[in-house]
Every structure is written in C-alpha cells, then in structure tokens.
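Structure, please.
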Amino acid sequence: MAGGKLTPRQKMINLMYLVFIAMLALNMSKEVLSAFGNFNDKFSESNKLTEEANGNLLSALNTKAADEPAKYAEPARKAKDVAKISKEFVEFLETVKAEVTEGYTPDEKTGKLPFESMDKSTIDEKWFKGDGYSPRGTEIVSKIDKYVADIKKVLGNDVKYIPFIKEIEKKFSTADIANKEGVKIKFLDYKAKGFPAVSTLTFLTAMQNDVKNTEAGAYNLFLGNALKSAASMKNFQAIVVFEKNAYFQGEQVKGKVVLGRYDANTVPTSFKGPGKIENGQAVISMTAGSVGEQNISGEFGFMEDGKEIPLKFEGKYVVVPKPKSATISADKMNVVYRGVVNPMTISFAGVSDKDVTASAPGLTKGSALGKYNMSPGAGREVTINVNAKLPDGKTVSDKKVFRIKGIPGPSGTVRGEYSAKGPKSSLEISTVGAKLEDFDFEVGLNVTGFTIKVPGQPTVVVSGNKMDGRAKAAIAKAQRGDVVIINNIQTKLVGAGNYMLPKTAPCTFEVQ
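Numbering: from 1, shown residues only. As a prediction, this is how the structure comes out:
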C-alpha cells in the first residue's frame, strides 16, 4: 500500500482500510473490559485497607511524639504534612476519575460501573490538543509533578531519605515514555490517549494506590529513623532515685542519681551535687534535715563534639517524724495491669511485716517480707486497704487507689523486626510476631492470624503466624522496592485464657 504512485481513489481505499484496522483494534472484547474493571475494584479495595493501615501508623507516630517529643516530634510533624499532601492529591485524582466516568451510571444493586460498555475514550478532547496537552491535560501532569515536589520538600535534604525520594520520582515520573518501537511519547498520551474509559479509570485508581503506599513508606521511614539523635547527650535525663521516699529525722538518706539512658560506658566529665561519681552514676550519702519536703539538685557534665554539655537534675524527698501512713507502691509501675501478675511492696514505716495486713480484690501475699501479688479483675480501679499494729498496741490504717489498665497494644514484627528488608524468599519463610515496647513485664505473645498486603495484589488473610500458600503466591508477585504491609495482627497473651490484647500495630517488609 505504501509503494509507488497511487491514484486518489487508491489512497482513499488505503485510508479506509487503515481506519477499519484501527476500529478493530479498539473493539476490545467484553472479557478484557471486565478484567480492567476487576483490577480497578481490587485497587479500590486495596486503597481502603492501606488507608486504614496508614491511619494506624500515623496514630502510632503521634503517640510516640506525645510520649517522647525529643525523638518523635519532628518525624510526626513531617508525617502530618505527608498525610495532608497525599489526601489533597488523592482527592484531585478523584475529580479526574469523575471526568473519565462521566455518562456512565453505576448499577443500582451492585454499585459497580458498566465496565463492559466503557470501551470508548471519554477524555481525548478534554486532555489533548493536537500533538500536545490541553489546559486540563497540562493541569493533571502539573498536579502529579507538584505532589512529588511537595513530598520532597517535606523530606528535605537528609541523606537517609535519598533512596525513598528516588523511588517516588521514578514511580510518579511524567517524563516521555518510549514505546516498543523506541519512539518517545508524552506521558498522558502513552497512558490514556485513545484508551477505553475503563482502562484510564484503572490507571488513575492505581496511581491513588501508589500515593497511599508512598504514605505508608514515609511513615515507616519516620518510625525507623527517628532515633538518629538518641545517642546525643542532649537527650539524656538525669534522675534522682532514693532507696525510699520518706525518712525519719536524723536517718541517713541514701540513693543515687542516674541517667535516663544509663550506660556503663557513659561517664560524666564533671559532677556537682551531694555525692560522688561511681561507675557513671552519682552515689548520694547525706543526713536528712528537718521535717518536711527537702530539695536536692546538681549537675552532670559531658563532653560532646569538643564541648561540655551540662545536664542539670533536681528532686525532692520528704522527712517524716513518725509512721502514720502506709507506703504502698507498685514495684514496676504506677498502675496495675489486667492480665498479668503485678508484684507490689506494701509496708508501714517503722512497723514489722508480721504486724501489717493488706487486702484488696485480687491481692495475695508473696513469699518475701512486704511482697504481694496483684491480679486485678474487672473495673477501672482497685483499692488496697492496709492495717498496721504499732509497737504501743494501737492500730492505724490507710488505703490507696490504683488505676487498672489493660496491657497496651503490641507492635507487629516480621522476622523479629518492625520494618524488615530482604528478598522475597526471606519473607515467604518469615514468622509474624508481636512485641510489647517498653513494657516492664515478661509476657508471652502468640500471633493467631494476620493480613498481608502486597502492592498491586489483593489483601490475603492468613491464619497462624506463618505465610500460607495464598500469601506466598502474592509475595511471589512483589517487585523490588515494594513495601509489603502486614496488618490486622491478632495477638493473644500466653497463659491468660481468652484474654486478647488490643489492636497490634502493623509491620512492613521491603522487597530488595
């Protein structure tokens, strides 16, 4: 058809033939259109699950920021900015999807669009003009570029974010794309021009999925790298710890001043206060003063980057004249936890242990002097009543109310890590577990089930703590750089019957 000189009639016939071939190419089968629709629905379902997981990660980061602002306040701020930027971009893409589906009405019963009839392009005249973009097409590309720029601005120039930034730039690149003949084609032309509406809809929903997975990656990055400055001496706290909180007049006050992040190798260069340095801590020895509240203060000095960093401390102790009230304290914490045995020390100052009795629901006597075990039941508080027989035969009593809390929600782990990396083969044989961070009790945790989300694949529900066949099949389809999210982890406390722990935070695995 292309050789020699052709008559106008032959040229017209050839042109009609080419148009006929193009029409055949566009006349896609109903099965193909339905497949695109199914992919769109799966991406939509994945977006909902990922959004829920992101909410959990963001909540965990905000909680850490409230508990440890020095370490997590800045990462939490960045995460909030990422959430806002991503939400605005996803909402913009939703308006673009509305353009693509304009004229198509969802089924009243299923709510699904008529995918099999969405075989024509609905946006060619709206997004394209000649060989270039229309104003709307230019706006869409600009919004994608702006999303990348805004995320990069939040992350800043920190070197630890460079690999993540490169991944985002690649995932959301709007550069020209080479077709199979090697010809460069504009981004939107390659992705949507002349394509059926259902194909363009799926392309946009998949981009929303990329946005939500980018959110997840950023949150995990903030959680995993927020401790960079933890080793700085500026983040240590000096704590005054006494052997007991109240002393009789004339009694030796004994205790020590330690660092909140105490380390045997952390030795101060100077110390000012009532004591002397021994093995990195200040050991206090002094005589108690008059009755009432007394103050104690001082200062550690540490060398860092050639400069001495001062760490001031201060505390209080109370001098009492004689025993009139009981000292009741939890050995491990300020509250008692449901589901575990809470060791407690109960005593009356100046009164022998054999003359002290304590009672409360769930309280039992331990084997050592002054030691008790508390296993709280239902309710939010428990009152411990204490009676003591003084040497003169008189009886005194006291009581104290403790708050009852459930064991905090654990954090999920894969291969023993909160955010692991490695090949797909490592993930396939990994065990999903759970850990209680900064919890003072030794407890056993059993994972009885979880869900696993591989980018681009449906969420898989798994029973037990090992990957089953369906999970391994989904993992096998993961690409390098994909972040697999393990969520909805069901965790049970060993030895506590049917007592189930609160919601377990998700964990991630980056495929390398």
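
Go through stretch 444-457 and flag the buried ones.
Across stretch 444-457, burial judged by 16 or more other C-beta atoms under 10 Å covers 445, 447, 450-457. For the C-beta atoms, the positions are set from N, CA and C on the backbone; glycine is no exception.

right, I mislabeled it, should have said stretch 133-153
Within stretch 133-153, judged by 16+ other C-beta under 10 Å, the buried ones are 133-134, 137, 140, 143-144, 147-148, 150-151.

go on, stretch 488-495?
Within stretch 488-495, the residues scored as buried using 16+ other C-beta under 10 Å are 488-493.

In JSON lines, list those residues along with secondary structure.
Listed next are those as JSON lines, based on DSSP: H, G, I helix; E, B strand; the rest coil:
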{"residue": "Asn488", "secondary structure": "strand"}
{"residue": "Ile489", "secondary structure": "strand"}
{"residue": "Gln490", "secondary structure": "strand"}
{"residue": "Thr491", "secondary structure": "strand"}
{"residue": "Lys492", "secondary structure": "strand"}
{"residue": "Leu493", "secondary structure": "strand"}
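
quick check, nearest of those residues to Val335?
Distance to Val335 across the buried residues of stretch 488-495 (C-beta to C-beta) is lowest for Leu493, with 17.1 Å.

Is it correct that that closest one is in contact with Phe441?
No - the criterion here is C-beta atoms under 8 Å, and Leu493 misses it with Phe441 at 10.4 Å.

what touches both of these two?
Val340 (C-beta atoms under 8 Å, 6 or more residues apart in numbering).

in the stretch 101-250 of the chain, which segments are predicted with low confidence?
The model of the stretch 101-250 of the chain has pLDDT under 70 over residues 115, 159, 225-250.

hmm, try it at 90
Where the stretch 101-250 of the chain drops to pLDDT under 90, the residues are 101-128, 130-132, 137, 154-164, 176-185, 187-208, 216-250.

of the buried residues of stretch 444-457, closest to Leu204?
Gly456 (14.9 Å).

what about the strands in the stretch 301-450 of the chain?
For the stretch 301-450 of the chain, the strands defined by DSSP state E, counting those that start in this stretch occupy 307-319, 326-330, 336-338, 342-348, 356-359, 363-365, 371-374, 381-389, 395-406, 411-414, 419-422, 432-435, 445-453.

Which strand residues bridge Gly255?
Phe242, Ile284 (DSSP bridges).

is it true that it touches Ile284?
Yes - at 4.9 Å, Gly255 and Ile284 qualify as touching, with contact defined as C-beta under 8 Å.

Domains in the protein, by residue range?
28-230, 232-319, 326-406, 411-511 (automatic domain parsing).

Am I right that Met207 is in contact with Leu93?
Yes - Met207 lies in contact with Leu93 (C-beta under 8 Å); the separation is 6.1 Å.

Could you tell me how many residues sit around the closest residue to Ala388 other than its chain neighbours?
Distances taken as C-beta to C-beta, 6 or more residues apart in numbering place Phe348 nearest to Ala388, at 3.8 Å, with adjacent residues excluded. Counted with other C-beta atoms under 10 Å, residues neighbouring Phe348 total 25.

My reading is that Lys120 lies in a strand. Confirm?
No - under three-state DSSP, Lys120 falls outside any strand and is assigned coil.

how near is it to Tyr133?
20 Å (C-beta to C-beta, to the nearest Å).

same deal with Thr214?
The spacing between Thr214 and Tyr133, counted by C-beta to C-beta, is 24 Å.

Could you do Glu169 as well?
Per C-beta to C-beta, Glu169 is found 21 Å from Tyr133.

ok, now Ser359?
Applying C-beta to C-beta to Ser359 and Tyr133 gives a distance of 79 Å.

quick one: contacts for Leu49?
By C-beta under 8 Å, 6+ apart, Leu49 lies in contact with 451, 453, 459, 487.

Find the pair from the residues you listed with maximum spatial separation.
Using C-beta to C-beta, the two most remote members of the contacts of Leu49 are Thr459 and Asn487, lying 8.1 Å apart.

Which one of the two is surrounded by more residues?
More crowded of Thr459 and Asn487, by other C-beta under 10 Å: Asn487, with 23 against 19.

what about the spatially most central residue of the chain, helix or strand, and which?
Nearest to the geometric centre of the chain sits Leu57, at 2.9 Å (C-alpha atoms, centre = their mean). Using DSSP states H and E, Leu57 falls within helix 30-67.

Can you give me the buried ones in that helix?
33, 36-37, 39-43, 46-47, 49-51, 53-54, 56-58, 60-61, 64-65.

what do you get for stretch 407-415?
Neighbour counts over stretch 407-415 (16+ other C-beta under 10 Å) mark 407, 409-415 as buried.

which among these gets closest to Glu510?
Nearest to Glu510 among the buried residues of stretch 407-415, with distances taken as C-beta to C-beta, is Val414, at 10.5 Å.

okay but Asn56 is in contact with Thr504, surely?
No - Asn56 lies out of contact with Thr504 (C-beta under 8 Å); the separation is 9.3 Å.

Which residues are in contact with each of these two?
Joint contacts of Asn56 and Thr504 (C-beta under 8 Å, 6+ apart) do not exist.

now Gly273, nearest residue through space, not along the chain?
Gly298 (2.2 Å).

Counting neighbours, what do you get for the one you found?
Under the criterion other C-beta under 10 Å, the count of neighbours that Gly298 has is 19.

shared neighbours of Thr459 and Asn487, anything?
49, 451-453.

residue contacts, Tyr147?
So Tyr147 contacts 85-86, 89, 172, 211 (C-beta under 8 Å, 6+ apart).

I'd like to know which of those residues are part of strands.
Nothing among the contacts of Tyr147 maps onto strands, per DSSP state E.

Please produce a markdown table containing the residues you listed, extended by distance to Leu427 and neighbour count.
Shown next, in a markdown table, are the contacts of Tyr147 (distance: C-beta to C-beta, whole Å; neighbours: other C-beta atoms under 10 Å):
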| residue | distance to Leu427 | neighbour count |
| --- | --- | --- |
| Ile85 | 30 | 22 |
| Ser86 | 26 | 21 |
| Phe89 | 29 | 22 |
| Phe172 | 25 | 17 |
| Val211 | 24 | 23 |
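
got the residue ranges for the helices in the protein?
According to DSSP state H, the chain carries its helices in the segments 8-26, 30-67, 69-100, 124-127, 135-155, 162-171, 187-191, 197-225, 424-428, 469-476.

Among these, which comes closest to Val335?
The closest of the helices of the chain to Val335 is helix 30-67. By C-beta to C-beta, the value is 15.1 Å.

between that closest one and helix 69-100, how big is the angle?
Calculated by axes from the mean of the first three to the mean of the last three C-alpha atoms, to 10 degrees, helix 30-67 forms an angle of 160 degrees with helix 69-100.
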